[in-house]
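**Student:** How does the following fold in three dimensions:
(one chain, ligands or ions: 1)
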Amino acid sequence: MTLRRSILVGGLTLAALVTAQSASVAAASSEGHHDRGHHHRGHHGSSPAVPADSLRALAAKVGLRTGVAVNTDLLGADRTYTRIVNQQFSTVTAENVMKWESVEPTRGTYTWAAADKLVASARQNGQLVRGHTLVWHSQLPAWLTLGVDNGSISKAELRRLLKKHIQDQVTHFRSKIWQWDVVNEAMDEDGTLRNSIWLKNLGPGYIADAFRWAHEADPNAQLFYNDYNIEFTGPKSNAVYAMVKRLKASGVPIHGVGFQTHLDTQYGFPDLQANLQRFADLRLNVAETEVDIRTFVKEKEPATDPKQYTNIPVSGLAQSAQEAYWSQSLQACLAVSRCISYTVWGVADNSSWIPGVFPGEGAALLYDDKLKAKPQYRVLHQDLKLAAGAPYRRGAGRA
Ligand code: G3I
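**Tutor:** Numbers count the residues shown, from 1 in each chain. Predicted coordinates:
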């Protein structure tokens, strides 16, 4: 408790939180007029009732959007899940269905249905959409990777295919996407570009090309570079910083950087605010795009082989560490006026990617396996309320 309170006090001494950073704030926004960095000119449906004490409504008061990665199999099918998505969050991201393997599983045949459904639901619920993702080394269609491996797709053809993929997809969703993750996870931990299918075959210029191609297809979308482990200052974060600085200086249409923020209580809390701020100082928007905070969890009883795990933290200390991390991750965004959205990577622990990839860890989201709000939810709720009540925030809001 003491720990949390001191963190909170620290956060509230932060510099002015909301400044009207752009004159082009869309009048149509359904989330109030403190909407930071909203350059989107799409239409917004009038949203169904959003409870005044939801994360979404509280964040709107301080000019921030809360977002969530959506599993489109659950949206519309599970009532509680759907209610949480639409009441608590003002932006949505497709967790998987906008990735290349999902939209073009067979060469030349697009399957937009699941993504279209999400975009339609967002419109109905007055939400904006983060498009995720156009250029990534993972979740590529088999026809593409096999074709490159067996030489039937040449380098020149691969470049044409990438351009077509980006432009077809951005055009399909033109004016319906607020932020696109144009390039995802292109940097390695040591600060060199990842030796991906893209770097190997197209050279480093593919990154600038991708942004230019996306911008041609939808000049109103905010174009983001998105990555993980850039929350900590280090070789990776420094290299991404240098890269986006160079891109911007050479006139490439890049508008923001997404900090995925997949945190783990065993590694300490990163100097996230400082990193968000130095990128923002390049006159780029920033966002936390995939927040989840994992910790070690209890084994199921009776013990099984291989081991199976619950989503219950191993100790009270693990639980309070998570709460502290949630609080600090939100406050870091609140403290940086160019931090325009705070997106969590899923609704509930039982549909999170974490247990599948980090066995023995979990409990990384805001809702438990029964879709009941966890203490983590109340931490965010309280921080948003405190932020709205801070006098200097009201002053900033008027500016
Ligand atoms: O759709 C197939 C299904 O047909 C099949 O039966 C099943 C069997 O494994 O797999 C299903 O595909 C899974 C897919 O999610 C859809 O559920 C893949 O195996 C699984 O690997 C895939 O995981 C996704 C992962 O990206 C892929 O790398 C996670 O859901 C998704 O949360 C995760 O998201 C990424 C972001 O895009 C980028 N940043 C990191 C983040 C976490 O890894």
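
**Student:** interface residues of the chain facing the ligand?
**Tutor:** Within the chain, the residues that sit near the ligand (CB under 6 Å from any ligand atom) are 95-96, 138-139, 260, 290, 353. Placement of C-beta: from N, CA and C, glycine included.

**Student:** Using a markdown table, lay out these together with secondary structure.
**Tutor:** Formatted as a markdown table, the residues of the chain next to the ligand follow (DSSP: H, G, I helix; E, B strand; the rest coil):
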| residue | secondary structure |
| --- | --- |
| 95 | coil |
| 96 | coil |
| 138 | coil |
| 139 | coil |
| 260 | coil |
| 290 | strand |
| 353 | coil |
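
**Student:** Which of these are buried? Put it as a PyMOL command.
**Tutor:** Selection of the buried residues among the residues of the chain next to the ligand in PyMOL, burial being defined by 16 or more other CB atoms under 10 Å:
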select buried, resi 95+96+260+290+353
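
**Student:** is it true that residue 365 touches residue 353?
**Tutor:** No: between residue 365 and residue 353 there is no contact under CB atoms under 8 Å: 10.3 Å.

**Student:** what is in contact with these two at once?
**Tutor:** 345-346 (CB atoms under 8 Å, 6 or more residues apart in numbering).

**Student:** Give me the phi and psi for the closest residue to the ligand within the chain.
**Tutor:** In the chain, the residue that lies nearest the ligand is residue 353 (3.8 Å; CB to the nearest ligand atom). The phi/psi pair for residue 353 (degrees, to the nearest 10) reads phi -70, psi -10.

**Student:** Apart from its neighbours in sequence, what residue is nearest the most centrally placed residue in the chain?
**Tutor:** Residue closest to the average C-alpha location in the chain (CA atoms, centre = their mean): residue 289, at 1.6 Å. Leaving aside its sequence neighbours, residue 289 sits nearest to residue 258 (CB to CB, 6 or more residues apart in numbering; 3.7 Å).

**Student:** mind listing what the helix or strand hosting the one you found pairs with, with the direction of each?
**Tutor:** Using DSSP states H and E, residue 258 falls within strand 256-259. If you go by DSSP bridges, strand 256-259 pairs up with strand 222-227 (parallel), strand 285-299 (parallel).

**Student:** For this protein, which residues score under the pLDDT cut-off?
**Tutor:** Applying pLDDT under 70 to the chain flags residues 1-48, 391-399.

**Student:** I'd like to know how far the residue sitting furthest away from the middle of it sits from residue 308.
**Tutor:** Going by CA atoms, centre = their mean, the residue of the chain most distant from its centre is residue 302, 37.0 Å out. The gap separating residue 302 from residue 308 is 10 Å, by CB to CB, to the nearest Å.

**Student:** what do you get for residue 180?
**Tutor:** 38 Å.

**Student:** Between the two, which has more neighbouring residues?
**Tutor:** Neighbours per residue, other CB atoms under 10 Å: of residue 180 and residue 308, the larger number sits with residue 180, 30 against 13.

**Student:** Give me the secondary structure label for that one.
**Tutor:** From three-state DSSP, the assignment for residue 180 is strand.

**Student:** That one: what's it in contact with?
**Tutor:** Neighbours of residue 180 in contact, by CB under 8 Å, 6+ apart: 130-131, 133-134, 170, 214, 218, 221-224.

**Student:** Between which two of those is the distance greatest?
**Tutor:** Using CB to CB, those span at most 14.9 Å, a distance reached by 133 and 218.

**Student:** Hmm, residue 64 is touching residue 332, no?
**Tutor:** No: if you go by CB under 8 Å, residue 64 and residue 332 don't touch, sitting 11.8 Å apart.

**Student:** Now for the two: what residues contact both?
**Tutor:** residue 339.

**Student:** Check which residues of stretch 101-112 are buried.
**Tutor:** For stretch 101-112, using 16+ other CB under 10 Å, the buried residues are 101-104, 112.

**Student:** Stretch 152-170 too?
**Tutor:** 153, 158-159, 161-163, 165-167, 169-170.

**Student:** Select from those every entry located in helices.
**Tutor:** Among the buried residues of stretch 152-170, the subset assigned to helices under DSSP state H consists of 158-159, 161-163, 165-167, 169-170.

**Student:** Make TSV from those and add distance to residue 87 to it.
**Tutor:** As requested, those are exported to TSV (distance: CB to CB, whole Å):
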residue	distance to residue 87
158	43
159	44
161	40
162	38
163	39
165	34
166	33
167	35
169	29
170	29
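
**Student:** What ranges does the stretch 101-250 of the chain have for its helices?
**Tutor:** Assigned by DSSP state H, counting those that start in this stretch, the stretch 101-250 of the chain shows helices spanning 113-124, 142-149, 155-172, 197-202, 206-217, 235-249.

**Student:** Give me the contact list for stretch 307-317.
**Tutor:** Residues contacting stretch 307-317 (CB under 8 Å, 6+ apart): 295-300, 319, 322, 349-350, 355, 359-360, 362-363, 368-369.
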